[in-house]
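Asker: how would this look folded up:
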Amino acid sequence: MNPLQMALRIKAERKQYEAEEVIHNPDLHQQLLEAWRRDSPKMVARLEKQGILDDLAFVCQERMWRAAKDNRRAGLPVTDAREQAERDHLMLEPEEPEALETWAE
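Answerer: Residues are numbered from 1 along each chain as shown. Predicted structure coming up:
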């Protein structure tokens, strides 16, 4: 999928969730953006260039809540269900540093 298709898909998915009037946690939204800016600046730059940084944070959060609910239905305890959903959908793994940046340390 090319970047334009991805951007359109993310924007459409957000509109779908907004039409469903999902409950969105603005504090979690800001925490997610802060974590991405701190730990994945290259990804953030790409998403900002495409104009979908905020949309993707919204979509990732909603995907996480839905996955946590599915995980609970599958029998996972509440905390495990949410932790697994966060790992699967919030993209919190830091970017790998460039080889030269590693050498500079």
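
Asker: I'd say Glu95 and Arg37 touch.
Answerer: No. Between Glu95 and Arg37 there is no contact under Cβ atoms under 8 Å: 11.4 Å. No exception for glycine: its C-beta is placed from N, CA and C like everyone else's.

Asker: what sits in contact with each of the two?
Answerer: Contact criterion Cβ atoms under 8 Å, 6 or more residues apart in numbering; residues shared by Glu95 and Arg37: none found.

Asker: show the subsequent helix or strand relative to the helix ranked longest in the chain.
Answerer: Criterion DSSP state H: the longest helix present in the chain is helix 53-73. Tracing the chain past helix 53-73, the next element assigned as helix or strand by DSSP states H and E is helix 78-89.

Asker: list the helices and strands that next one packs on?
Answerer: helix 53-73 (3 or more Cβ pairs under 8 Å, 6 or more residues apart in numbering; DSSP states H and E).

Asker: kindly format the C-alpha coordinates of stretch 76-83 as CSV.
Answerer: Output of stretch 76-83 as CSV, limited to C-alpha atoms (Å, rounded to 0.1, in the frame of the first residue of the first chain):
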residue,chain,number,x,y,z
LEU,A,76,-7.5,-13.1,29.2
PRO,A,77,-7.6,-11.2,32.5
VAL,A,78,-8.4,-7.5,32.1
THR,A,79,-4.8,-6.3,32.7
ASP,A,80,-3.3,-8.9,30.4
ALA,A,81,-5.9,-8.2,27.7
ARG,A,82,-5.1,-4.5,27.7
GLU,A,83,-1.3,-5.0,27.8
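
Asker: buried residues, stretch 80-91. List them.
Answerer: For stretch 80-91, burial by neighbour count (16 or more other Cβ atoms under 10 Å) applies to Ala81, Arg82, Gln84, Ala85, Glu86, His89, Leu90, Met91.

Asker: for the fifth one, give me its contacts.
Answerer: Residues counted as contacts of Glu86 (Cβ under 8 Å, 6+ apart) are Met64, Ala68, Leu92.

Asker: now do 6 Å
Answerer: Met64 (Cβ atoms under 6 Å, 6 or more residues apart in numbering).

Asker: for the second one, same thing?
Answerer: Taking Cβ under 6 Å, 6+ apart, we find Arg82 in contact with Ala68.
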